[in-house]
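**Student:** need coordinates for the below:
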Amino acid sequence: KENPEEPTPSLVFGQLFHAMALQPDTVWEQFIVAPNVDRRTKAGREAFADFESQAEGKTVVTVDMVEQATDMCEALNNNEFARKLLKGEKEKSFFWVDEMTNEECKCRTDVLTEIGENLIIVDLKSADCAETEAFMKSAIKYGYDFQSAMYSEGVKANTQREPLFVFIVVEKKPPYAINILQADKLLIRRGYDLLREYLGIYHECKTTDNWWGYLGRYNQINNLALPAYLAKEVE
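**Tutor:** Here you go, the predicted model:
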């Protein structure tokens, strides 16, 4: 929190896509489109200065980003099942207290909906590749298993119901292919193990005021070793 990272263009695009897909009525309260002007000219500099005066407090995006996100939203709207899943309550925050650590927790679901007797958490993702195997690797790399477990825990704590967790993944390039994937029990179980580990670490650091980093909780020097394939050459 004290040292926030600068948002990458990819992160900004993801935020724009989410806003356009889930909260289209308030998109331009959060974002503003940069003008395509030549700032080497007087007119261009004046136009850009006027833009900067209006952009304060908003996230700047490009015309290309808006066009790309618009096409992706159209692909979503053309998919009957995705359209149905996205009809629920959007961007709802849930608060609860973890029973084991007594730490306060929060999550914010993209969509919470009901189909039949099922309560479903829907999470919208943009990806370079929405193919099932490729997205599985992304889910592990970016912690979507942890996310699915934590969000499920938060919704269950507030509703006393066991939700399903479904990802809607939209590719970023034409034809903006869509995949819909339900997180299975093993994926969520691994995520829950990570949740317990991370909450335990956070609670310990907070309790002891020892916010350890690369040297570990005991402040030990690490061993810099060759990777196995190079070690074999030396041996």
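
**Student:** name the helices or strands packed onto the helix or strand that S152 is a member of?
**Tutor:** Using DSSP states H and E, S152 maps to helix 144-159. Secondary-structure packing of helix 144-159 (3 or more Cβ pairs under 8 Å, 6 or more residues apart in numbering; DSSP states H and E): strand 89-97, strand 104-115, strand 118-127, strand 164-171, helix 185-208. C-betas here are computed from N, CA, C, even on glycine.

**Student:** any idea which of these is most buried?
**Tutor:** Neighbour counts (mean count of other Cβ atoms under 10 Å) averaged over each of the helices and strands packed on helix 144-159 peak at strand 164-171, with a mean of 21.

**Student:** now that strand and strand 118-127, what's the angle there?
**Tutor:** For strand 164-171 against strand 118-127, the angle by axes from the mean of the first three to the mean of the last three Cα atoms, to 10 degrees is 20 degrees.

**Student:** hmm, who's touching strand 164-171?
**Tutor:** Strand 164-171 is contacted by residues 17, 72, 75-76, 82, 85-86, 118-130, 135, 139, 144, 148, 151-152, 176-183, 188 when judged by Cβ atoms under 8 Å, 6 or more residues apart in numbering.

**Student:** which stretches of the chain have low pLDDT?
**Tutor:** 37-38 (pLDDT under 70).

**Student:** any idea how far the residue found closest to E104 once you drop the neighbours it is linked to in the chain is from T208?
**Tutor:** Distances taken as Cβ to Cβ, 6 or more residues apart in numbering place V97 nearest to E104, at 5.7 Å, with adjacent residues excluded. Note on V97: its distance to T208, by Cβ to Cβ, to the nearest Å, is 20 Å.

**Student:** cool, and K87?
**Tutor:** Taken as Cβ to Cβ, the span from K87 to T208 is 46 Å.

**Student:** likewise Y218?
**Tutor:** Taking Cβ to Cβ, one finds Y218 at 12 Å from T208.

**Student:** next: I180.
**Tutor:** Taken as Cβ to Cβ, the span from I180 to T208 is 44 Å.

**Student:** next: I120.
**Tutor:** On the measure of Cβ to Cβ, I120 and T208 end up 39 Å apart.

**Student:** any idea how far K141 is from Y229?
**Tutor:** Using Cβ to Cβ, K141 is found at 22 Å from Y229.

**Student:** find the residue at the geometric middle of the chain.
**Tutor:** K125 (7.2 Å; Cα atoms, centre = their mean).

**Student:** let me see the contact set for that residue.
**Tutor:** K125 touches 135, 144, 167-170, counting by Cβ under 8 Å, 6+ apart.

**Student:** among those residues, which two are most distant?
**Tutor:** Y144 and V170 (14.8 Å; Cβ to Cβ).
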